[in-house]
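Enquirer: Sequence isn't available, so here's the structure alone:
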């Protein structure tokens with residue numbers, strides 16, 4: 001049932017946001033020459049997938065979790081995209097094709113070993129990663145891998161249609 005909602009909501013979102021996506025893509029071309037950022041992430045059943053986002057950092061930055069990069073530099077437009085979470089909108093394509101869900105654990109990088117080990121212990125990779133979830137609305141991020149994995153596990157155990165919509169609406173209100 002949730003996969004049906006994922007598909008429908010991501011399709012509707014992409015259609016409604018298409019003009020904004022094109023505008024941001026064009027601004028990104030002028031800002032840094034490469035408006036999309038595509039990165040391999042750990043997905044469902046520990047399979048690799050290509051996460052799509054709008055680029056917020058200059059081309060050539062090392063591939064690591066943002067929390068691991070010292071002296072992080074955002075492009076002039078990227079700072080705005082990151083602050084408003086607009087950089088996440090292209091992930092609706094990942095949801096549409098089934099690599100992700102709207103709600104689930106945020107996908108990690110393959111080099112985030114501690115988080116991967118904590119998530120493996122808790123069965124987190126048995127669900128699709130998501131754009132938002134309990135950790136995001138609780139302000140928990142990848143800086144605290146054990147707490148994040150425990151929170152992901154808690155969300156998975158209590159996942160229901162009600163919680164699915166709760167996490168989505170809570171995220172929207174948090175952004176606004």
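Expert: Looks like it arrived, so ask away. Predicted model, so just to flag it, every value in this text is computed and none were measured.
Enquirer: Quick check: phi and psi on the most centrally placed residue in the chain?
Expert: In the chain, the residue lying closest to the centroid (C-alpha atoms, centre = their mean) is residue 131, at 4.0 Å. When read as degrees, to the nearest 10, the backbone of residue 131 gives phi -80, psi -40.
Enquirer: isn't it right next to residue 96, touching?
Expert: No - counting by C-beta atoms under 8 Å, residue 96 is not a contact partner of residue 131; they are 11.8 Å apart. The way it works is simple: take the backbone N, C-alpha and C, and place the C-beta from them, glycine included.
Enquirer: Could you pull out the buried residues of the longest helix belonging to the chain?
Expert: In the chain, taking DSSP state H as the definition, the longest helix is helix 2-32. Within helix 2-32, the residues scored as buried using 16 or more other C-beta atoms under 10 Å are 2, 5-7, 10, 13-14, 17, 21, 24, 27-28, 31-32.
Enquirer: can you give me the helices in this structure?
Expert: 2-32, 76-84, 91-97, 113-121, 134-138, 145-157, 161-175.
Enquirer: How far off centre is the longest helix of the chain?
Expert: 14 Å (C-alpha atoms, centre = their mean, to the nearest Å).
Enquirer: Buried residues in the lowest-mean-pLDDT helix or strand in the chain, which are they?
Expert: Least confident element among the helices and strands of the chain, by mean pLDDT, DSSP states H and E: helix 76-84 (a mean of 85). The neighbour-count check on helix 76-84 (16+ other C-beta under 10 Å) flags 77-78, 80-82 as buried.
Enquirer: before we move on, what about stretch 31-45?
Expert: For stretch 31-45, the buried set under the neighbour-count rule, 16+ other C-beta under 10 Å, comprises 31-32, 35, 37, 41-44.
Enquirer: of these, closest to residue 122?
Expert: Residue 122 lies nearest to residue 42 out of these, by C-beta to C-beta, at 13.8 Å.
Enquirer: who's that closest one bridged to?
Expert: Here residue 42 shows beta-bridge partners residue 48, assigned using DSSP bridges.
Enquirer: okay, the residue of the chain most remote from its centre: pLDDT?
Expert: Using C-alpha atoms, centre = their mean, the residue of the chain lying farthest from its centre is residue 30. It sits 24.4 Å away. Looking at residue 30, its pLDDT reads 88.
Enquirer: And for residue 132?
Expert: For residue 132, the predicted pLDDT is 96.
Enquirer: The one 10 residues further on too?
Expert: Looking at residue 142, its pLDDT stands at 91.
Enquirer: Can you verify my assumption that it contacts residue 112?
Expert: Yes - with contact defined as C-beta under 8 Å, residue 142 reaches residue 112; the gap is 6.6 Å.
Enquirer: Brilliant, that's me finished.
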